[in-house]
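Enquirer: return a 3D structure for these sequence lines:
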Amino acid sequence: MNQNLEERSMRMRDVVDVVTSDPPPLRYGVDDIVASGERAQRRRRLGRAVAGAASVVVGLGVAAAVVVPSFTSGGTGTSAPNSVGAPAAAPAGPVGPFTFTFGTYTVGRLTVAAPIDVSTAYELAPVYAEGLTSNDKPADPSTEIPGRDKGAPGYRPDPAKDLYAYLTVYRPGAYDPTKLAGAQPVTIGGRPGLEVTDTTGNWPMTRTLAWQHADNAWAVLSVRSDDTTYPSADDLRRLAAGLRTEARTPAKVPVKLGYVPAGYGLTEVGVHATTGLNGISSARAGDHAGLLYSKPAQPTTGLTGPFENPDGGNPTGSFAIFVVPSANSNQPTSSPGVSCLTGFCNRYFDNGKVLVQVSSEGLLPDSEMRRILEGVTLTNVQDESTWVSPVS
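Expert: Here you go, the predicted structure:
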């Protein structure tokens with residue numbers, strides 16, 4: 001795909017939130033959306049479209065093998081120039097399926113938010129930095145300065161600096177640190193780690209810090225910033241040292257499914273968000289939940305980043321279910337029952353206030369997507385005491 005077209009498409013999807021095909025008129029025109037994206041939304045899908053998975057670094061070229069320090073418990077591994085923090089606490093026992101193991105915490109000017117996504121291989125949480133803007137909710141073009149990039153129509157200098165950052169906490173054996181190109185060894189809490197800094201890509205600064213947070217289990221901080229010095233490598237090391245994974249909080253969602261096509265298994269769950277990096281990109285948009293089903297199952301070993309398709313769509317062999325406020329979609333709310341367009345079907349609940357969408361991007365026929373939606377029961381999206389396990 002032409003890179004400019006891809007970037008344009010990704011920025012548009014940042015604003016409309018729910019994937020659409022053959023859509024009715026948008027709330028904002030494409031040019032308005034892209035203009036807003038030039039100022040406020042350039043960060044994520046642009047970075048993802050070029051960089052791919054979470055720990056693949058922009059601008060490093062062909063991946064090269066790296067020497068990874070010893071992975072034994074408590075060992076410092078290969079001698080490293082940078083060592084931060086006290087040894088991490090051991091996990092508090094086995095982790096059930098689709099269970100969160102950590103919560104929000106702050107170190108200095110950086111904050112890891114509560115995790116919003118859990119899959120068969122990892123958890124995801126947004127990361128915020130004091131003084132930088134994280135554009136993780138739809139932007140109204142009327143409030144934005146168009147033309148962030150020099151040479152773009154309406155360009156105006158903008159002093160605000162953007163950040164796109166998230167933490168991925170992997171299950172044991174899921175992440176392959178040997179695939180992180182150009183990495184230098186570090187030590188975090190007495191355990192081995194790897195870090196990469198790049199200033200030649202689409203962002204002024206990209207940093208990746210991967211470290212072993214428990215035996216054979218890795219976590220990765222992925223950061224893209226308009227500030228070439230902030231967050232610094234030291235900032236990220238200190239934030240990494242603060243991670244604790246003793247929590248055991250099963251994910252719950254406000255939706256029950258009465259039907260799933262044969263052979264498809266639950267792969268990923270978004271709580272107060274849609275799934276995967278799409279959920280991170282719109283973490284504060286007010287979405288309710290997301291579910292991802294795959295056939296065959298997504299891999300749980302050898303990963304370099306979260307599950308995704310290089311074009312920003314569903315991972316191969318997967319369909320997604322979005323549970324979002326209807327205001328976060330550009331779909332009409334007047335259609336009763338189930339309605340379908342190319343690649344997806346919609347059903348509205350709560351007097352049109354909540355949209356449940358099945359998006360299969362051509363994987364499933366309309367008849368199957370309709371059957372899924374006809375079997376949906378929605379609980380109270382505003383009352384989490386009514387929410388249920390996604391595997392119940």
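Enquirer: specify the local secondary structure of residue 348.
Expert: strand (DSSP: H, G, I helix; E, B strand; the rest coil).
Enquirer: do the same with the one 10 residues further on
Expert: Put simply, residue 358 is strand when judged by three-state DSSP.
Enquirer: same thing with the one 3 residues further on?
Expert: The three-state assignment at residue 361 reads coil, by three-state DSSP.
Enquirer: list the contacts for it?
Expert: 19, 313-314, 319, 343-344 (CB atoms under 8 Å, 6 or more residues apart in numbering). For the C-beta atoms, the positions are set from N, CA and C on the backbone; glycine is no exception.
Enquirer: from residue 345, how far out is residue 119?
Expert: Taking CB to CB, to the nearest Å as the measure, residue 119 falls 24 Å from residue 345.
Enquirer: looking at these two, which has the bigger crowd around it?
Expert: Using other CB atoms under 10 Å as the criterion, residue 119 and residue 345 rank with residue 119 on top: 27 against 23.
Enquirer: hang on, isn't that one packed against residue 267?
Expert: Yes: Residue 119 lies in contact with residue 267 (CB atoms under 8 Å); the separation is 6.0 Å.
Enquirer: list residues touching both of the two?
Expert: Common neighbours of residue 119 and residue 267 (CB under 8 Å, 6+ apart) are 292, 298, 307.
Enquirer: any idea which element the last one lies in?
Expert: Right, the one you point to is residue 307. Counting by DSSP states H and E, no helix or strand carries residue 307.
Enquirer: let me see the contact set for the nearest residue to it once chain neighbours are set aside.
Expert: Closest residue to residue 307 apart from its sequence neighbours, by CB to CB, 6 or more residues apart in numbering: residue 315 at 4.4 Å. By CB under 8 Å, 6+ apart, the residues touching residue 315 are 267, 276, 292, 294, 298, 307-309.
Enquirer: now those residues: which count as buried?
Expert: 267, 276, 292, 294, 298, 307-308 (16 or more other CB atoms under 10 Å).
Enquirer: using TSV, please lay out these together with distance to residue 228.
Expert: Shown next, in TSV, are these (distance: CB to CB, whole Å):
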residue	distance to residue 228
267	36
276	28
292	35
294	38
298	35
307	30
308	27
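Enquirer: leaving out sequence neighbours, find the closest residue to residue 128.
Expert: Closest to residue 128 by CB to CB, 6+ apart is residue 111, at 4.8 Å.
Enquirer: the one you found and residue 103 touch, don't they?
Expert: No: look at residue 111 against residue 103 with CB under 8 Å: they stay out of range, at 11.4 Å.
Enquirer: run through the helices of the stretch 101-250 of the chain in chain order.
Expert: Using DSSP state H, counting those that start in this stretch, the helices assigned to the stretch 101-250 of the chain run over residues 233-241.
Enquirer: middle-most residue in this structure, spatially?
Expert: residue 277 (2.1 Å; CA atoms, centre = their mean).
Enquirer: confirm that one sits in a helix?
Expert: Yes: when classified by three-state DSSP, residue 277 is found to be part of a helix.
Enquirer: tally up the residues packed near residue 259, please.
Expert: If you count neighbours by other CB under 10 Å, residue 259 ends up with 12.
Enquirer: hang on, it in a helix?
Expert: No: using three-state DSSP, the assignment for residue 259 is coil, not a helix.
Enquirer: roughly how far does it sit from residue 321?
Expert: Distance from residue 259 to residue 321, counting by CB to CB: 12 Å.
Enquirer: list residues touching both of those two?
Expert: residue 372.
Enquirer: mind listing what the residue nearest to residue 128 touches?
Expert: Residue 111 touches 104-105, 127-130, counting by CB under 8 Å, 6+ apart.
Enquirer: can you list the domains in the chain?
Expert: Using automatic domain parsing, the domain parsing of the chain gives 54-147+159-249, 251-386.
Enquirer: tell me how many other residues crowd residue 335.
Expert: With other CB under 10 Å as criterion, residue 335 counts 13.
Enquirer: what about it, distance to residue 311?
Expert: For residue 335 relative to residue 311 (CB to CB), the value is 28 Å.
Enquirer: next one: residue 175
Expert: Residue 175 is 23 Å from residue 311, where distance means CB to CB.
Enquirer: again, but for residue 178
Expert: Distance from residue 178 to residue 311, by CB to CB: 26 Å.
Enquirer: so residue 322 touches residue 356, yeah?
Expert: Yes: at 7.1 Å, residue 322 counts as touching residue 356 under the criterion of CB under 8 Å.
Enquirer: looking at those two now, which is surrounded by more residues?
Expert: For residue 322 versus residue 356, neighbours defined as other CB under 10 Å are more numerous around residue 322 (28 against 24).
Enquirer: quick check: beta-bridge partners of the more buried one?
Expert: Counting by DSSP bridges, residue 322 forms beta bridges with residue 290, residue 357.
Enquirer: surely residue 379 meets residue 385?
Expert: No: under the criterion of CB under 8 Å, residue 379 makes no contact with residue 385, lying 9.2 Å away.
Enquirer: so these two - more neighbours on which side?
Expert: More crowded of residue 379 and residue 385, by other CB under 10 Å: residue 379, with 18 against 7.
Enquirer: contacts only, for the more buried one.
Expert: 254-256, 386-388.
Enquirer: burial measure for residue 229, as a count.
Expert: By other CB under 10 Å, 10 other residues sit near residue 229.
Enquirer: contact partners for it?
Expert: With CB under 8 Å, 6+ apart, residue 229 has these contacts: residue 205.
Enquirer: reformat the contacts of residue 361 as CSV; add distance to residue 374 and neighbour count.
Expert: What follows is these, written out as CSV (distance: CB to CB, whole Å; neighbours: other CB atoms under 10 Å):
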residue, distance to residue 374, neighbour count
19, 21, 20
313, 24, 17
314, 21, 24
319, 15, 26
343, 18, 21
344, 15, 25
